[in-house]
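In: what follows is a predicted structure for the sequence shown.
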Amino acid sequence: MNDEQQIKDTIQTYFECMYESSKEKTLTAFHPNAKITGYQPDGLHQMSVDEFADFVASQQPSAKEKGEPARLDIISLDIAGDTAVSRVRDDYLGMTFLDTLSLLKSEGKWRIYNKLFHVEASVA
């Protein structure tokens, strides 16, 4: 499997971690040192991957269990050696997010090292 497909698979796992409220998939998609940072309507939020994984797992029932539509759009993907950056749009927690994901290849696996998020809108 080439790097582009491996990165897309990592991004899919990232989306599934939120959609399924899966701590395990969160820890699979993100590098252990990852940071998750961005603005929500109430201000700046900053989390470690462990904090984010716990937050994702706490969203019960999951969006999947509630039958919410799944939305993940990969807008762009640029690869430079063992690093990459992707912009994705997804719906989560009643909001549409535009995420900038920085990824790196570590020990042969692509993982998200940094997530910057921006809330574009509330989902109707």
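Out: Happy to help now that I have it.
In: where does the prediction get shaky in the protein?
Out: Judged by pLDDT under 70, the chain has its weakly predicted residues at 123-124.
In: scan it for its longest helix.
Out: In the chain, assigned by DSSP state H, the helix with the most residues is helix 3-19.
In: so what secondary structure elements neighbour that one?
Out: Using 3 or more CB pairs under 8 Å, 6 or more residues apart in numbering; DSSP states H and E as the contact criterion, the neighbours of helix 3-19 among helices and strands are helix 23-29, helix 49-58, strand 72-80, strand 83-92, strand 95-106, strand 109-122. C-beta: built from backbone N, CA, C; applies to glycine.
In: what lies in contact with the second one?
Out: With contact meaning CB atoms under 8 Å, 6 or more residues apart in numbering, helix 49-58 is reached by 17-18, 21-23, 26-27, 30-36, 47.
In: got a quick PyMOL command for the buried subset of those residues?
Out: One line in PyMOL is enough to select the buried members of the contacts of helix 49-58, burial here meaning 16 or more other CB atoms under 10 Å:
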select buried, resi 17+18+21+22+23+26+27+30+31+34+35+36+47
